[in-house]
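*Asks:* Kindly generate the corresponding structure for this input.
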Amino acid sequence: MSHARRRFQNISAAVAAAAVSGPTMTMDGANAYELQLAQLNQDRLRLKQVQSEQGKAELKRSLIPAYAPYIEGVLSAGNGAQDDVLTTLMVWNIDAGDFAAALNIGRYVLEHKLKMPDRFARTTGCLLAEEVANAALKQQKAGEPFNRFVLTLAADITAEHDMPDEARAKLHLALGKAYLADLDEAAIDGEQLEQARANLARAIDLHSNCGGKKDMERVVRLQKKHAESKPAGTGTGDPTEPEHPTSDQDESQPSEEGAPSTEPGTGEPPAD
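*Replies:* As a prediction, the model looks like this:
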C-alpha cells in the first residue's frame, strides 16, 4: 500500500469516527467503516476455508496490515463509537501473536465500553487477560521468554474489569514467572524478586491450583539467599573512644553510656 493511500484511509477513518461518538452510537453508515466491514466479511469467508488453527493465524497475520490505516484513524479520533471492525481486529491480533497491537486496541475498547460481537462469549477484559496469559504460559512452559511489558500492560488495563478468578490468576501467574525468568541469580534484584512473589501470591490466592506453588518455593529460597548476601554494617557497634580528652571531658570522666555516635561504622544495617 502506498503512503498516499495509507494516509487517505487513515484520514477517512478519523473523519468517519469523528462524525459519531459514544458507545451507544455505531459506525453504521460511515463510508470508511462500511468499506472496511465489507472487506472484513470477505476475509472472514477466506478464513472459513482454512481448517488449521495455525493456518488461520498465518492468514490473519497477512490480512491485518491492510486494516492498519483504518485502525490508526479510529484510535486517533477517539470518539468511542461501537465498531465491529475494531473489536474483530483486536482479536485477530491476539490470534496472530501481536499482543502489543491487540492491547493497544483493547485499551480503547475497554475505555469506551465497546461491545464484543455476539460470537464472543467472554467480556473484553476477560478475553484480553486470559488470551495473553495463555500465550505467555505456553511459551514459558516451553522454556521461551515472554515479553513482561505485554503482561504488565494486560494486567494494568484489565485490573478494574470483572472476570473469573481463574482467568486473572493465570495473568498473575504468568507475570510472576516472567519476573522470575528475568532474574539474575548471581546478582539478585530484590525489587524484581518481590514483584515475582507478589504476583505469584496473588495468583495462588485467586486460584489455589493455578500451578504457582513450586515457583513460590523458589522465590522463598531466593529471598533467603538475597537476605544472606546483603553486606553487614561496618564497625563493631561499640562507641568510638576519643584519642585525646576534650576540654569538657578528661580521662577520669567516661562518656555517657549509650550515647549515639555520629561517626560511620555504628553496626546498623545500611538503609535501603
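*Asks:* could you list every residue that touches residue 181?
*Replies:* The contact partners of residue 181, taken as CB atoms under 8 Å, 6 or more residues apart in numbering, are 140, 145. Placement of C-beta: from N, CA and C, glycine included.
*Asks:* burial measure for residue 71, as a count.
*Replies:* The burial metric for residue 71, expressed as a neighbour count using other CB atoms under 10 Å, is 24.
*Asks:* check which helix or strand covers it.
*Replies:* helix 68-77 (DSSP states H and E).
*Asks:* Check which residues of that helix are buried.
*Replies:* Residues of helix 68-77 classed as buried under the neighbour-count rule (16 or more other CB atoms under 10 Å) are 69-75, 77.
*Asks:* Just the mean pLDDT for the very next helix or strand once past it, thanks.
*Replies:* Moving toward the C-terminus from helix 68-77, the next helix or strand (DSSP H and E) is helix 84-96. Mean pLDDT, computed over helix 84-96, is 97.
*Asks:* can you give me the offset of helix 84-96 from its chain's centre?
*Replies:* For helix 84-96, the distance between its averaged C-alpha position and the chain's averaged C-alpha position is 19 Å (CA atoms, centre = their mean, to the nearest Å).
*Asks:* Tell me which other helices or strands the following helix or strand past that helix touches.
*Replies:* In the C-terminal direction, the helix or strand that comes right after helix 84-96 (DSSP H and E) is helix 99-111. Other elements packing on helix 99-111 under the criterion 3 or more CB pairs under 8 Å, 6 or more residues apart in numbering; DSSP states H and E are helix 68-77, helix 84-96, helix 124-141, helix 148-158.
*Asks:* List just the one of those helices that sits closest to residue 215.
*Replies:* Judged by CB to CB, the one of the helices and strands packed on helix 99-111 that comes nearest to residue 215 is helix 124-141, at 10.0 Å.
*Asks:* I'd like the helices and strands packed on helix 99-111 as CSV, with distance to residue 179 appended.
*Replies:* Formatted as CSV, the entries for the helices and strands packed on helix 99-111 read as follows, by distance: least, CB to CB, whole Å:
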stretch, distance to residue 179
helix 68-77, 30
helix 84-96, 23
helix 124-141, 11
helix 148-158, 7
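*Asks:* Pick the most deeply packed of these.
*Replies:* Ranked by mean neighbour count, the helices and strands packed on helix 99-111 are led by helix 84-96 with a mean of 22 (mean count of other CB atoms under 10 Å).
*Asks:* hang on, isn't residue 226 packed against residue 188?
*Replies:* Yes: if you go by CB atoms under 8 Å, residue 226 and residue 188 touch, sitting 4.5 Å apart.
*Asks:* Would you map out the domains in the chain?
*Replies:* For the chain, whose domains are defined here by automatic domain parsing, the residue ranges read 1-120, 130-229.
*Asks:* comparing those domains, which gets the lowest mean pLDDT score?
*Replies:* Looking at the domains of the chain, the bottom one is domain 1-120 with a mean of 84.
*Asks:* helices and strands around the helix or strand encompassing residue 228, which ones?
*Replies:* Mapping residue 228 onto the secondary structure by DSSP H and E places it in helix 213-229. Using 3+ CB pairs under 8 Å, 6+ apart as the contact criterion, the elements in contact with helix 213-229 are helix 165-181, helix 190-206.
*Asks:* Thanks a lot, catch you later.
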